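Novice: Got a sequence here, can you build the structure:
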Amino acid sequence: MKSLAGRAASVLDRCGLLAALEAADRRKDRVRVIAYHRIDEADAEPDLDPGLISATPGDFREQLEVIARHYAAVSLDDLMAAHRGLRPLPLRAVLLTFDDGYTDFESRAWPILREVGLPAVLFVPTAFPDSPESGFWWDRLHSALRRTQEREITDPLLGRLPLDDPSSRRAAHRMIRSRAKALPHDEAMAWLEDLVARLADVPRRGHVLGWDTLRKLAKEGLSVCSHGHRHALCTRLSPHDLALDLSTSRARIQAELGDASPHPVFAYPASGSDGAVREAVRRAGYEVAFGGRRGIDRIPFVEPLDVMRMPVHRYGTALFRAQLRPSVSRLGRALVDGRLRRSA
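Specialist: This is a model prediction of the structure:
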């Protein structure tokens, strides 16, 4: 489907329709919040899950150049001021956000952002900086499946999973991820560690930026915000554990960044939220939170604790540009919603 959408977007780009739609867009009450994870080459870090790569450095540069030419990249300060009614956003406003705080943000994304001259927000799970043994579980799972000599694995929650070839291992990764996200957080982490240990000996390596680096980036203009403490799916934590995770993360950001602490803004890990979670986020003192709904949002936010974002999944430049148009964004959201209903 993405391939077909990319070809259609290329046709719209070549015939000038995207440029015409952009030029005709005179509204200041919309913001496109773009969500990235990793910026890297697919084979740069074999032990990291390549599914988290949003764009290669080359594609990322092209995407930023599209924004610089046709849109107005805004800072978190600009966004919050507009939400509070203090000043309007510019035409075709875009906020660039990055989740998880992988080290390739500093080495790959940030130099290009500075060169093109665009601001950004980085959401960091605060238990991970300066914790070299705190690797993300999906990366450890990917590494275990890549390294294992097992031809299959049998588990009470999964049954028998063949591991004969790369295709079957990717399918196993998807099934295990899906099952893990359905379990309470602590139970899921224990189950995953047992699976990883049965598959292969995976070194514990941290791939999240440390606090010294985060402070340096904040002084250079980056907004560093909360992505939870343990990167736990909020809907899989008890009310007590959720409140503790939220408050710990906010306090850690404030303690580590000091005067560079940004606005009380949050991004839900893995986009997991519901009404109870959003109420807990409000009680924890967050003013705005970015959720899992896909699309272009309006300012001031109607649902400030469930702001829409637009995730990037290795899009070509034309498809990336098309996604920034409201009509295309609505179509994309409808397709995603339909896919979720069919899989339910």
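
Novice: What is the neighbour count of Val302?
Specialist: Residue crowding around Val302 was assessed by other CB atoms under 10 Å; the count is 9. C-beta coordinates here come from the backbone N, C-alpha and C atoms, glycine included.

Novice: what sits against Ile34?
Specialist: Applying CB atoms under 8 Å, 6 or more residues apart in numbering to Ile34 gives the contacts Val94, Leu95, Leu96, Thr97, Arg309, Met310, Val312.

Novice: Which of the three states applies to it?
Specialist: strand (DSSP: H, G, I helix; E, B strand; the rest coil).

Novice: Tell me what it is bridged to.
Specialist: Leu96, Met310 (DSSP bridges).

Novice: distance of it from Gly159?
Specialist: 39 Å (CB to CB, to the nearest Å).

Novice: what's around the closest residue to Pro311 other than its chain neighbours, how many residues?
Specialist: Among residues not flanking Pro311 along the chain, Ala35 sits closest, at 4.5 Å (CB to CB, 6 or more residues apart in numbering). By the criterion of other CB under 10 Å, Ala35 has 23 neighbours.

Novice: just the one 5 residues further on next, same as before
Specialist: Counted with other CB under 10 Å, the neighbours of Asp40 add up to 24.

Novice: quick one, helices of the stretch 51-200 of the chain?
Specialist: Along the stretch 51-200 of the chain, the stretches classed as helices by DSSP state H, counting those that start in this stretch are 57-70, 76-83, 104, 110-116, 137-147, 166-181, 185-199.

Novice: what's the span of stretch 119-128, first residue to last?
Specialist: 24 Å (CA to CA, to the nearest Å).

Novice: what pLDDT, on average, does it get?
Specialist: The pLDDT scores in stretch 119-128 average 98.

Novice: Kindly report the same for stretch 219-229.
Specialist: The model assigns stretch 219-229 a mean pLDDT of 97.

Novice: Now do the helices for the stretch 201-344 of the chain: every range, in order, please.
Specialist: 211-219, 239-257, 275-283, 317-323, 326-343.

Novice: so which of those helices comes closest to Ala19?
Specialist: helix 317-323 (9.1 Å; CB to CB).

Novice: what's the average pLDDT for that closest one?
Specialist: Mean predicted lDDT for helix 317-323 stands at 89.

Novice: going forward, begin numbering at 49 instead of 1
Specialist: Happy to do that; since the first residue is 49 now, the last one works out to helix 365-371.

Novice: Now stretch 308-315 - C-alpha only, CSV.
Specialist: Extracted in CSV, the C-alpha atoms of stretch 308-315 (Å, rounded to 0.1, in the frame of the first residue of the first chain):
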residue,chain,number,x,y,z
ALA,A,308,16.8,24.3,30.3
SER,A,309,13.7,22.3,31.4
PRO,A,310,11.0,22.7,28.7
HIS,A,311,7.3,23.1,29.1
PRO,A,312,5.4,20.2,30.8
VAL,A,313,4.9,18.2,27.7
PHE,A,314,4.7,14.4,27.3
ALA,A,315,4.6,11.8,24.6
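
Novice: coming back round to it: out of the helices of the stretch 99-248 of the chain, which is the most enclosed?
Specialist: Comparing the helices of the stretch 99-248 of the chain by mean neighbour count (mean count of other CB atoms under 10 Å), helix 152 comes out on top with a mean of 23.

Novice: Would you enumerate the residues in contact with Ser321?
Specialist: Contacts of Ser321 (CB under 8 Å, 6+ apart): Cys282, Thr283, Val329, Ala337, Gly339, Gly340, Leu353, Asp354.

Novice: So which of these is the closest to Ser295?
Specialist: Val329 (10.6 Å).

Novice: The closest one is in contact with Asp354, isn't it?
Specialist: No. Applying CB atoms under 8 Å, one finds Val329 not in contact with Asp354, separated by 9.5 Å.

Novice: intersection of neighbour lists for those two?
Specialist: Ser321, Ala337.

Novice: More neighbours: these two, which one.
Specialist: Using other CB under 10 Å as the criterion, Val329 and Asp354 rank with Val329 on top: 27 against 21.

Novice: Where does the prediction get shaky in the chain?
Specialist: For the chain, residues meeting the criterion pLDDT under 70 lie at 49-61, 68-71, 375-392.

Novice: Tell me which residue is most central in it.
Specialist: Asp147 (4.0 Å; CA atoms, centre = their mean).

Novice: Now the phi/psi pair for the nearest residue to Leu292 once chain neighbours are set aside, please.
Specialist: Distances taken as CB to CB, 6+ apart place His277 nearest to Leu292, at 8.0 Å, with adjacent residues excluded. Here is the backbone geometry of His277 (degrees, to the nearest 10): phi -100, psi -50.

Novice: Good, wrapping up.
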